[in-house]
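**Q** got a predicted structure here, sequence first:
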Amino acid sequence: MLRILFASSEAYPLIKTGGLADVSGSLPRALLKLGHDVRILMPAYRDALQNARAAGVKTVATFTLENAVSGDHTVSIMETRLPGSRVKTWLLDCPALFDRPGNPYLDENNQDYADNDLRFLLFSRAAAELGLNRCGLDWQPDVVHCNDWQTGLTPVFLDQLGLQSAAAEQPRPATVFTIHNLAYQGLYGYETFTATQLPANFWHHEALEFHNQFSLIKGGIVYADRVNTVSPTYAREIQSERFGYGLQGLLRHRGEKLSGILNGINDEEWNPGTDAYLMHRYNRRTIAQRTKNKLELQKQLGLKVDASIPLLGFIGRLVEQKGVDWILANINLMLERGAQLVVLGNGEHAFEAALREAAALAPLSIAATIGYNEALAHRIEAASDIFLMPSKFEPCGLNQLYSLRYGAVPLVHNVGGLADTVIDTTASSLEDGSATGFVFDSLARDEPGDIALQTTLGRALDLYTDKPCWQSLQSNGMQQDNSWKQSALKYERLYRAAIADVAGKSPAYLT
Ligand code: ADP
């Protein structure tokens, strides 16, 4: 049994802006099921605290973080359970920094909070203090699992503070740092660095400085015992110039300690057999029922109601990363081929406006719902024939995994977790029963992405008319096991490797 402190800036269902929340809501549960003592630590945002109230919240510790982030801060730990589970969850309460409505990172004008650096420095520092059992909670983790730049400084603080406790013969816990998306790095100025009160030699390109900026993600990459990302392919990609954002050299340097573990899905939330959001539930054997969901959705969204029309789905943040421009470039092809497109998402205004306009021009064929809507997301997965995920990069991606489970055949770009989870349909993959979707590869062919998408979309629409073949694709995907269990076992091995690293390095580490 391992004691694991899981530090994350969001966790479903307490608060969610993206895939990180899904992982933080699922992996700790899966670890608990494996018999580990796992506790989540996240900031006590106003909405998270509100959502936790039903499960009961009590203050279990109040302490002062001395000399943390430009001075002393008195904070509390409020204990609850992750709703719907037995996972102990600690909310770091510091009202001046976290008691704000809405999004964890953005203000009401969708701008980053001006003090995000200080908010997450404090959070990282608190995680380190808890990791060293210095907050009066009488619980010492074996490993602290940090996630993304918001917790990037935790391994650094643990290293620093751990030196003192190592001298006092109390070893620091091992650290694992997971990169969920390298595009978000937490870059700030020198002033933020001084607020950490770390020794001046940390301002160095081999430490926390990155092109004259203070990089919080580098804290995790340089100082964690083990670094991982959320798919094996993304772990390789980020070591290259195309995907590395200037960190590829450092990531290659840490290559031996860098690995990829695919995310699983919450298979209770995402199960077409029990999904409460659906009018018509189904499984692999009752797949014929699925069509009823498609007809419902067509009706609900004002599209032409016709089961034989191929329905394409897209759900996600409307940002460059997700390949929305490539979808927009192919709208004419979709219309020419008599397909329908259903989009759900929000993000950049230009993409939102372009999608709205496309829907206004062809209201029987295109529906664009701008916003965040959990119920509609489930209904789209249960209704689409083809699910589009033409991301330019994709660390893991969850929607293609939901699609596989729901029989919405995914059409994806050959990058990151998409490449690791979807098997392209060819004569031989159909023959051996491994085909689960359609994969286009603009990189290998050095072809513009919209053109590569166009060719593959044509291929998918051609095959759609071959019903037996299509059903075998759906059935292959629905059989794939993407639950958290296998991934949680891999994390367990990673934690043990990190612990072994710390034990192995302690003599040098003490010098
Ligand atoms: P990312 O973390 O890059 O946003 P992922 O595919 O890993 O992408 O995870 C996105 C998660 O957020 C999925 O659970 C997806 O269903 C959900 N999601 C994204 N946008 C919306 C939306 N507009 N409405 C409902 N769910 C959404």
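**A** Happy to help now that I have it. Numbers count the residues shown, from 1 in each chain.

**Q** what residue in this structure comes nearest to the ligand?
**A** Relative to the ligand, the nearest point of the chain is Gly19 (2.7 Å; Cβ to the nearest ligand atom). Quick note: C-beta positions are derived from backbone N, CA and C, even for glycine.

**Q** can you tell me how far the residue nearest to that residue when sequence neighbours are not counted sits from Val415?
**A** Spatial nearest neighbour of Gly19, chain neighbours left out: Leu398 (5.4 Å); criterion: Cβ to Cβ, 6 or more residues apart in numbering. As judged by Cβ to Cβ, to the nearest Å, Leu398 and Val415 stand 15 Å apart.

**Q** now do Leu489
**A** Distance, Leu489 to Val415, by Cβ to Cβ: 26 Å.

**Q** of those two, who's got more company?
**A** When Leu489 and Val415 are compared for neighbours, Val415 comes out ahead with 27 against 14, by other Cβ atoms under 10 Å.

**Q** sorry, back to before: which ones are touching the residue nearest to Gly19?
**A** Listed by Cβ atoms under 8 Å, 6 or more residues apart in numbering, the contact set of Leu398 reads Gly19, Asp22, Asn263, Ile265.

**Q** swap the cut-off to 10 Å and go again
**A** Leu398 makes contacts with 18-19, 22-23, 26, 230, 263-266, 270, 315-316, 389, 417, 421, 482, as judged by Cβ atoms under 10 Å, 6 or more residues apart in numbering.

**Q** then Gly338?
**A** By Cβ under 10 Å, 6+ apart, the contact list for Gly338 reads Lys304, Asp306, Ser308, Ile309, Pro310, Ser365, Leu461.

**Q** give me that answer again for 8 Å
**A** Ile309, Pro310.

**Q** hang on, isn't Val227 packed against Lys257?
**A** Yes: judged on Cβ atoms under 8 Å, Val227 makes contact with Lys257 at a distance of 5.9 Å.

**Q** which one of those two has more residues nearby?
**A** Applying other Cβ under 10 Å to Val227 and Lys257 shows that Val227 carries more neighbours, namely 26 against 18.

**Q** pull the distance from the helix or strand containing the more buried one to the chain's centre.
**A** Assigned by DSSP states H and E, Val227 belongs to strand 226-229. Relative to its parent chain, strand 226-229 has a centroid offset of 14 Å by Cα atoms, centre = their mean, to the nearest Å.

**Q** and stretch 407-422, by the same measure?
**A** 15 Å.

**Q** quick one: name whatever helix or strand follows the worst-scoring helix or strand of the chain on mean pLDDT.
**A** Ranked by mean pLDDT, DSSP states H and E, the helix or strand of the chain with the weakest confidence is helix 154-167, at a mean of 81. Downstream of helix 154-167, the first helix or strand assigned by DSSP H and E is strand 174-179.

**Q** pretty sure Pro104 contacts Ser9?
**A** Yes: taking contacts as Cβ under 8 Å, Pro104 lies within contact range of Ser9: 6.0 Å.

**Q** neighbour-wise, which of these two wins?
**A** Ser9 (25 against 22).

**Q** what sits closest to that one if chain neighbours are left out?
**A** Nearest non-adjacent residue to Ser9, counting by Cβ to Cβ, 6+ apart: Gln150, 3.9 Å away.

**Q** next, the one you found: secondary structure please.
**A** With DSSP: H, G, I helix; E, B strand; the rest coil as the basis, Gln150 sits in helix.

**Q** quick check on Gly152: phi, psi?
**A** Per-residue torsions, Gly152: phi -60, psi -30 (degrees, to the nearest 10).

**Q** list the residues that contact it.
**A** Contact partners of Gly152, counting by Cβ under 8 Å, 6+ apart, are Ser124, Cys146, Phe177, Gly186, Ser215, Leu216, Ile217, Lys218, Gly219, Gly220, Ile221.

**Q** Thr80: which element?
**A** For Thr80, the host element (DSSP H and E) is strand 73-81.

**Q** contact partners of the following helix or strand past that strand?
**A** Next along the chain after strand 73-81, taking DSSP H and E as the criterion, comes strand 88-93. With contacts defined as Cβ under 8 Å, 6+ apart, strand 88-93 is touched by 11, 14, 38-44, 48-49, 52, 57, 59-60, 75-82, 98, 122-123, 126, 130.

**Q** can you check what angle separates strand 88-93 from strand 73-81?
**A** Strand 88-93 and strand 73-81 meet at an angle of 150 degrees, taking axes from the mean of the first three to the mean of the last three Cα atoms, to 10 degrees as the criterion.

**Q** for strand 88-93, which strands pair with it and how are they oriented?
**A** If you go by DSSP bridges, strand 88-93 pairs up with strand 37-43 (parallel), strand 73-81 (antiparallel).

**Q** can you give me the helices in the stretch 151-300 of the chain?
**A** Counting by DSSP state H, counting those that start in this stretch, the stretch 151-300 of the chain has helices at residues 154-167, 190-196, 216-223, 232-237, 241-244, 248-253, 290-300.

**Q** show me what counts as buried in the least confident helix or strand of the chain.
**A** By 16 or more other Cβ atoms under 10 Å, the buried positions in helix 154-167 come out as Thr154, Pro155, Val156, Phe157, Leu158, Asp159, Gln160, Leu161, Gly162, Ser165, Ala166.

**Q** just to revisit the earlier point, of the contacts of Leu398, which belong to strands?
**A** Ile315, Met389 (DSSP state E).

**Q** filter the contacts of Leu398 to the buried ones?
**A** By 16+ other Cβ under 10 Å, the contacts of Leu398 give 19, 22-23, 26, 230, 263-266, 270, 315-316, 389, 417, 421, 482 as buried.

**Q** hmm, stretch 21-30 in reach of the ligand?
**A** Yes: Stretch 21-30 lies within reach of the ligand by Cβ under 6 Å from any ligand atom, at Asp22.

**Q** chain center to that stretch, what's the gap?
**A** Averaged C-alpha coordinates place stretch 21-30 at 10 Å from its chain's average position (Cα atoms, centre = their mean).

**Q** so for that stretch, mean pLDDT?
**A** In this model, stretch 21-30 has a mean pLDDT of 96.

**Q** which residues touch that stretch?
**A** Contacts of stretch 21-30 (Cβ under 8 Å, 6+ apart): 4, 6, 8, 10-16, 38-40, 42, 82, 85, 87, 147, 178, 180, 230, 263-266, 398, 483-485, 487-488, 491.

**Q** Gly35 reaches Met1, doesn't it?
**A** Yes: contact criterion Cβ under 8 Å: Gly35 and Met1 qualify, at 5.5 Å.

**Q** does Leu457 count as helix, strand or coil?
**A** Here Leu457 is recorded as helix under three-state DSSP.

**Q** for Met334, see how far away it is.
**A** From Leu457 across to Met334, the span is 7 Å (Cβ to Cβ).

**Q** of those two, who's got more company?
**A** Remark: of Leu457 and Met334, Leu457 carries more neighbours, 25 against 22, as counted by other Cβ under 10 Å.

**Q** for the more buried one, what are its contacts?
**A** Contact analysis of Leu457 by Cβ under 8 Å, 6+ apart lists Asn330, Leu333, Met334, Ile386, Leu411, Phe438.
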